[in-house]
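> All I have is the shape, not the residue letters:
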């Protein structure tokens, strides 16, 4: 997460609230780290510290799900997650009542109802986030990757929790069933997390969803740690799993706060103009490493012959195959990136080609119409370009066009769209920019190009541009907006070139 983005968020009230909640969570974690089990009021602090942060996280997530700027499915996802958090917070309150008021620790109890309902609700929310349409091949890869992650999680949970429960001698079947329900709930949550990270959902900012996923992983670590310690009769309030639970609740709250801030402040700015080739997900490979690590641990005491040697050789072979697969996939990603570059950019200028520009620009115009955010267009071309070609040749003309494109790239933001429109003409679309900002950018371009003579052989070519600027207000289509910018460019040409004209709102 970029430092400047963190500073900007912390300057907003939502960021300051996240900072306050982070301090609260940190104080609790320090309490655990410095020996909470030996300090006074251990049970009271351990029971009462969680409900406030859990309720705050649930309320923030529910409010986020009420924002109309989110897609309906994204609102449903956030609200379902909020219900899961409310359910768990009710469980925490009931447990605090049992321990601190009634002086008992019943299992099972009504608190378990709230805890167990958390898992399916949260999973439904995670898989409900809208995602881009997937081909059959992408769907197949998703299920294979998700299955690998799920199997890796199953190995951990089986080794530490479910396996010991299965071989333990329990007289109470209900207690055994509930003891098994929690790790199974963790597996359900793990699948939802895999779906969240592998499907690249569109319903949230990547950092907000990263907070959410990190919170779930922290929650799973706490659950597995608690289950293992509880089976060994080692768990006490203030043990290390409590620190991971507290960290999880802070991350849940931070996710809702950051997502809400991003939706209201940075929706367009955070969306890359050109969709990047997706990197290879590390989740399935991490699950394989984790699973084989447990296999080595469990099989470490096996006899060297025949199982020991075969076990380690099989693990080594699997490692070699995975490394080879990753190498091939990395090479393929580089090839795909090169092909995308060729398919979407103009070879002379490096700007977008017309086809890719219109594909991305139509999305920006739809966003402009939905959210009524500023949107402007600039149309520019090189003055007396035909004369440059006739006098110095096409090689000089190509160099001029390339130079103008370089100046555009230096002035533009990542979110802006710039394309070679045809010949020496360049079109620029500026999201989140009004007429004043767009005309200022056009003026800077004009001055930078005019003040930078171009060396061509032994000559210095003095070049200039004319530009037309138009705002999206009052336009019903992208074509209409570009037409207005083109009209302004024509006026600049007619007025003597080397100038900017603005086609103001009608």
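Ah, there it is. In this text, all values refer to a predicted model and were calculated from it rather than measured experimentally. Numbers count the residues shown, from 1 in each chain.

> Settle this for me: residue 284 is touching residue 149, isn't it.
Yes - with contacts counted by C-beta atoms under 8 Å, residue 284 reaches residue 149, the gap being 5.9 Å. For every residue, glycine as well, the C-beta is placed using N, CA and C.

> between those two, which one's more packed in?
The residue with more neighbours, out of residue 284 and residue 149, is residue 149; 25 against 21, by other C-beta atoms under 10 Å.

> Point me to the helix or strand that includes that one.
Here residue 149, judged by DSSP states H and E, is contained in helix 136-157.

> Next: residue 194.
With DSSP H and E as the test, residue 194 turns up in helix 173-198.

> what's the next helix or strand after that helix packed up against?
Downstream of helix 173-198, the first helix or strand assigned by DSSP H and E is helix 206-231. Using 3 or more C-beta pairs under 8 Å, 6 or more residues apart in numbering; DSSP states H and E as the contact test, the elements touching helix 206-231 are helix 136-157, helix 163-167, helix 173-198, helix 240-265.

> most neighbours per residue, which of those helices?
helix 240-265 (a mean of 24; mean count of other C-beta atoms under 10 Å).

> In the following helix or strand past it, which residues are buried?
Next in sequence after helix 240-265, counting helices and strands by DSSP H and E, comes helix 283-299. Under the neighbour-count criterion of 16 or more other C-beta atoms under 10 Å, helix 283-299 has 283-285, 287-288, 291-292, 294-295 buried.

> Throw the residues you listed into JSON lines and include distance to residue 48 and pLDDT, thanks.
JSON lines is the format used below for the buried residues of helix 283-299 (distance: C-beta to C-beta, whole Å; pLDDT from 0 to 100):
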{"residue": "283", "distance to residue 48": "36", "pLDDT": "71"}
{"residue": "284", "distance to residue 48": "40", "pLDDT": "78"}
{"residue": "285", "distance to residue 48": "41", "pLDDT": "75"}
{"residue": "287", "distance to residue 48": "36", "pLDDT": "77"}
{"residue": "288", "distance to residue 48": "41", "pLDDT": "77"}
{"residue": "291", "distance to residue 48": "38", "pLDDT": "77"}
{"residue": "292", "distance to residue 48": "42", "pLDDT": "74"}
{"residue": "294", "distance to residue 48": "36", "pLDDT": "72"}
{"residue": "295", "distance to residue 48": "41", "pLDDT": "73"}
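
> Show me how the record splits this protein into domains.
Domain assignment of the chain by automatic domain parsing yields the ranges 3-269, 354-503.

> Rounded mean pLDDT for the first one, please.
Model confidence over domain 3-269, given as mean pLDDT, is 84.

> Now do that domain: distance to the chain's middle.
18 Å (C-alpha atoms, centre = their mean, to the nearest Å).

> Check the shortest one too.
Offset of domain 354-503 from its chain centre (C-alpha atoms, centre = their mean): 32 Å.

> re earlier: got the domains of the chain as a markdown table, with distance to residue 337 columns?
Converted to a markdown table, the domains of the chain look like this (distance: least, C-beta to C-beta, whole Å):
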| stretch | distance to residue 337 |
| --- | --- |
| domain 3-269 | 17 |
| domain 354-503 | 14 |
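
> do you know which of those lies nearest residue 312?
Closest to residue 312 of the domains of the chain, according to C-beta to C-beta: domain 3-269, at 17.3 Å.

> and the spatially most central residue of the chain, how far is that from residue 87?
With distances taken as C-alpha atoms, centre = their mean, the residue of the chain nearest its centroid is residue 206 (1.2 Å). Distance, residue 206 to residue 87, using C-beta to C-beta, to the nearest Å: 27 Å.

> re earlier: between the domains of the chain, which gets nearest to residue 322?
That would be domain 3-269 among these, by C-beta to C-beta, at 10.9 Å.

> State the number of residues packed around residue 440.
A total of 14 residues lie near residue 440 under the criterion other C-beta under 10 Å.

> Within the helices and strands, which one has it?
helix 435-450.

> Settle this for me: residue 292 is touching residue 318, isn't it.
Yes - using C-beta under 8 Å, residue 292 makes contact with residue 318 at a distance of 6.8 Å.

> that older thread, now render the buried residues of helix 283-299 as JSON lines, adding distance to residue 214.
Below are the buried residues of helix 283-299 laid out as JSON lines (distance: C-beta to C-beta, whole Å):
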{"residue": "283", "distance to residue 214": "13"}
{"residue": "284", "distance to residue 214": "18"}
{"residue": "285", "distance to residue 214": "19"}
{"residue": "287", "distance to residue 214": "17"}
{"residue": "288", "distance to residue 214": "21"}
{"residue": "291", "distance to residue 214": "21"}
{"residue": "292", "distance to residue 214": "24"}
{"residue": "294", "distance to residue 214": "22"}
{"residue": "295", "distance to residue 214": "27"}
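
> Quick check: of those residues, which lies closest to residue 193?
Distances from residue 193 to the buried residues of helix 283-299, taken by C-beta to C-beta, are shortest for residue 283, at 8.8 Å.

> returning to what we had before: would you reformat the helices and strands packed on helix 206-231 as TSV and include distance to residue 82?
Compiled in TSV, the helices and strands packed on helix 206-231 are given as follows (distance: least, C-beta to C-beta, whole Å):
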stretch	distance to residue 82
helix 136-157	24
helix 163-167	31
helix 173-198	15
helix 240-265	8
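
> Ok, which of these comes nearest residue 336?
Between residue 336 and the helices and strands packed on helix 206-231, the shortest separation by C-beta to C-beta is 13.5 Å, and it involves helix 136-157.

> tilt between the closest one and helix 173-198?
If you take axes from the mean of the first three to the mean of the last three C-alpha atoms, to 10 degrees, helix 136-157 sits at 140 degrees to helix 173-198.

> first to last residue in stretch 196-210, what's the distance?
End-to-end span of stretch 196-210 (C-alpha to C-alpha, to the nearest Å): 9 Å.

> can you list the weak-confidence ranges in the stretch 401-506 of the chain?
Scanning the stretch 401-506 of the chain for pLDDT under 70 picks out 505-506.

> That one: strands as residue ranges?
417-422, 425-431, 454-456, 459-461, 465-471, 500-503 (DSSP state E, counting those that start in this stretch).

> Pick the most deeply packed of these.
With neighbours taken as mean count of other C-beta under 10 Å, the strands of the stretch 401-506 of the chain reach their highest mean count in strand 465-471, at a mean of 27.

> and that strand, what does it pack onto?
strand 375-382, helix 435-450, helix 478-494, strand 500-503.

> separation between residue 444 and residue 129?
From residue 444 across to residue 129, the span is 40 Å (C-beta to C-beta).

> Comparing those two, which shows the higher neighbour count?
Taking neighbours as other C-beta under 10 Å, residue 444 and residue 129 compare with residue 129 leading, 24 against 13.

> wait, that one sits on residue 72?
No - counting by C-beta under 8 Å, residue 129 does not reach residue 72; the two are 11.6 Å apart.

> Next secondary structure element downstream of the longest helix belonging to the chain?
Ranked by residue count, the top helix of the chain under DSSP state H comes out as helix 309-344. As assigned by DSSP H and E, the chain's next helix or strand after helix 309-344 is helix 354-371.

> State the mean pLDDT of that next one.
Rounded mean pLDDT across helix 354-371 is 88.

> so that helix versus helix 478-494, what angle?
Going by the same axes, to 10 degrees, helix 354-371 makes 110 degrees with helix 478-494.

> returning to what we had before: could I get the buried residue list for the longest helix of the chain?
Within helix 309-344, the residues that count as buried by 16+ other C-beta under 10 Å are 311-312, 315, 344.

> Tell me the one of those nearest residue 91?
The shortest approach to residue 91 among those belongs to residue 315, at 40.4 Å (C-beta to C-beta).
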